[in-house]
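# using only what follows, build the 3D model:
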Amino acid sequence: MKKDNPKTSEPVKDPIQDGSGESKEKPLEDSSRSSVRKDEKNIKVEKDSGNDPRNDPSEENLDKSKPVNEEFEKDKEENIGEWKDKYLRLFAELENIKKRHTKERSDFLQIAHEGLILALLPVLDDFERARESWEGGKEAFPEGLALVEQKMFKILKQRGLSRIEISVGDAFDMDLHEAISQVPSEEKKGKIISVAVPGYRLNDKVIRFAKVIIGT
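Predicted structure coming up:
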């Protein structure tokens, strides 16, 4: 059996049949031409992109972007200023609320015992009346009752109670006195003639006006 010599064997050709049935070789030039066209298109796209003014870092294009950046910076500064102003206003309002709360708390603590003290004031009045009406006079007022009166007033004084000091002949003051009666008097017109019931303060607040008789 005869063997073909591989060195002398011809390359196998890819047959293409046409309408006549004859075989033809496949043309290789078409594929090479198509690749050349693609390369030319790519080169053209690169050239066109190089002419795009958006990709051109020239001074003219940079100058066009400046107004946009300046407007952005201006808006940013305005927003920062607006928020800063709002923050300062809220901070000031919070400080005012704190101060008002502290004052209200202090005022409340000062008058927290107002009701109890007002209820005990008539007891002090009774002690004073008893001392004044004692048969032997104030000096003969029993020592034990005097001590009770003094102790009671001392406790109330520690809670902020103080008596409104009034003397006969003082001018009538509507902020401190309450006129319960009037007596015709040319010499003491508009002045205090006598004190019927003493007045008291609780810290700086007048909790009971002094009941007085004034001249008219």
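
# what is the helix or strand hosting Ile213 packed up against?
With elements delineated by DSSP states H and E, Ile213 resides in strand 210-215, which encompasses its position. Using 3 or more CB pairs under 8 Å, 6 or more residues apart in numbering; DSSP states H and E as the contact criterion, the neighbours of strand 210-215 among helices and strands are strand 177-183, strand 192-197. Using the backbone N, CA and C atoms, a C-beta is placed for each residue, glycine as well.

# in this structure, which spans are strands?
Counting by DSSP state E, the segments of the chain that form strands are 15-17, 23-25, 161-163, 177-183, 192-197, 200-202, 205-208, 210-215.

# angle of the last one against strand 192-197?
What that stands for is strand 210-215. 150 degrees (axes from the mean of the first three to the mean of the last three CA atoms, to 10 degrees).

# out of the helices and strands packed on strand 210-215, flag the one nearest Ile155.
For Ile155, the closest of the helices and strands packed on strand 210-215 is strand 192-197, at 20.7 Å, according to CB to CB.

# how about that closest one: buried residues?
Taking 16 or more other CB atoms under 10 Å as the basis for neighbour counts, the residues of strand 192-197 that come out buried are 192-193, 195, 197.

# can I get the helices and strands packed on strand 210-215 in CSV with mean pLDDT?
Supplementary listing: those in CSV, determined by pLDDT from 0 to 100:
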stretch, mean pLDDT
strand 177-183, 93
strand 192-197, 93
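
# now tabulate those in a markdown table and tack on distance to Asn79.
Rendered in a markdown table, the data for these read as follows (distance: least, CB to CB, whole Å):
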| stretch | distance to Asn79 |
| --- | --- |
| strand 177-183 | 62 |
| strand 192-197 | 67 |
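
# so which of the ones you listed is nearest Ser106?
Nearest of the helices and strands packed on strand 210-215 to Ser106, taken as CB to CB: strand 177-183 at 27.7 Å.

# helices or strands up against the closest one?
strand 192-197, strand 210-215.

# pLDDT value on Phe127, please?
Looking at Phe127, its pLDDT stands at 87.

# before we move on, what about Lys13?
With respect to pLDDT, Lys13 scores 47.

# flag the shaky bits of the chain, pLDDT-wise.
Using pLDDT under 70 as the threshold, the predicted model of the chain has low-confidence ranges 1-68, 135-140.

# which among the strands of the chain is found nearest to Leu88?
Shortest distance between Leu88 and these, using CB to CB, is found for strand 205-208: 36.1 Å.

# direction included, what does the closest one pair against?
For strand 205-208, sheet partners with direction are given as strand 200-202 (antiparallel), following DSSP bridges.

# got the contact list for the partner strand?
The contact list for strand 200-202, computed with CB atoms under 8 Å, 6 or more residues apart in numbering, reads 110-111, 113-114, 117, 121, 159-164, 206-208.

# dump the strands of the chain into a markdown table; add distance to Leu90 as well.
Shown next, in a markdown table, are the strands of the chain (distance: least, CB to CB, whole Å):
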| stretch | distance to Leu90 |
| --- | --- |
| strand 15-17 | 87 |
| strand 23-25 | 89 |
| strand 161-163 | 42 |
| strand 177-183 | 47 |
| strand 192-197 | 51 |
| strand 200-202 | 37 |
| strand 205-208 | 34 |
| strand 210-215 | 48 |
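
# that'll do, ta.
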